[in-house]
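*Asks:* Sequence below, structure please.
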Amino acid sequence: MGLPVFYAFKEDIDIDRGTITLSSADARHLTRSLRAREGDHLVVGDGMGTLYESKLGSPMDEPVRCTIVSECYITPERPQLVLFQAMSRNQTMDETVARAAESGASRVVPFTSKRSPVEAVRKSSGRLARWLKIARESSKVARRAWPLEVRPPVGGLLDEAAIRTVGECVILWEDEERRAFHDSLPDEPPRSIGLIVGPEGGLEGSEVDVLRTLGARTATLGGLNLRAQSAGSYGVMIARYHYGLLAPGTAADE
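*Replies:* Model prediction:
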């Protein structure tokens with residue numbers, strides 16, 4: 001594994017001077033954990049698609065700066081993969097967010113289903129900050145030009161407005177017996193595809209019926225029983241492979 005991508009805020013990127021100021025946390029990570037030295041090369045992103053190839057300045061400086069060597073803009077992938085994840089146990093949701101960032105999902109939207117744990121739902125709004133931190137750190141490790149976005153939890157089942165935010169919507173449902181996931185993907189990539197995943201125990205049939213009336217389709221990922229924190233990230237990777245986004249030489253979010 002190479003160095004992760006480090007993200008900098010807009011005000012810390014001085015294009016005129018060709019320098020980027022690193023946060024104190026990133027500077028400590030580079031020098032203490034990664035043993036980086038002056039002159040080492042690293043990639044810094046603005047979180048909006050631009051990656052800067054940079055050279056690290058002296059770790060003894062305060063603040064630590066690096067010099068921009070080159071830059072490139074990475075266009076968002078098409079389709080964007082949006083994971084609609086039913087609220088699960090706290091630890092499961094943490095892992096779901098991390099895997100979504102690593103697999104290349106563009107956005108995670110938590111929602112509440114009938115089998116979502118009551119305690120997890122009650123505390124969900126208070127855990128958004130933690131999910132955002134996990135998404136950012138996992139996106140850094142995955143070297144993403146566009147970090148994973150995590151939306152505030154939806155208070156109930158997804159509605160028509162939520163499903164209309166994506167071009168296509170597929171429910172990854174363990175009780176679907178006929179339609180394979182890859183068969184539910186259109187030949188030409190739409191602007192975005194939503195993947196709906198249930199909590200531990202899955203979605204109830206009545207919830208699936210409601211989602212179908214809103215335009216979502218059911219599909220299966222096969223005969224294996226996948227965990228709630230796994231199904232969405234597997235679906236994202238399959239969809240990215242289907243549309244050639246895992247081909248050699250393609251960067252994340254390119």
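*Asks:* Which helix or strand contains Gly47?
*Replies:* Assessed by DSSP states H and E, Gly47 sits outside every helix and strand.
*Asks:* for the worst-scoring helix or strand of the chain on mean pLDDT, which positions count as buried?
*Replies:* Least confident helix or strand, the chain: helix 24-28 with a mean of 87, by mean pLDDT, DSSP states H and E. For helix 24-28, the neighbour count (16 or more other C-beta atoms under 10 Å) marks Asp26, Ala27 as buried. (C-beta placed from N, C-alpha, C; glycine too.)
*Asks:* avg pLDDT for whichever helix or strand comes after that helix?
*Replies:* Where DSSP H and E defines the elements, the next helix or strand beyond helix 24-28 is strand 41-45. Averaging pLDDT along strand 41-45 yields 94.
*Asks:* what's strand 41-45 in contact with?
*Replies:* With contact meaning C-beta atoms under 8 Å, 6 or more residues apart in numbering, strand 41-45 is reached by 3, 5-8, 13, 20, 22, 30, 36, 51-56, 66, 69, 143-145, 147.
*Asks:* ok, back up a step: which strands and helices sit next to the least confident helix or strand of the chain?
*Replies:* Using 3 or more C-beta pairs under 8 Å, 6 or more residues apart in numbering; DSSP states H and E as the contact criterion, no helix or strand is in contact with helix 24-28.
*Asks:* ok so, going back, please pick the buried ones from the contacts of strand 41-45.
*Replies:* Neighbour counting over the contacts of strand 41-45 (16+ other C-beta under 10 Å) leaves 3, 5-8, 13, 20, 22, 30, 36, 51-52, 54, 56, 66, 143-145, 147 as the buried ones.
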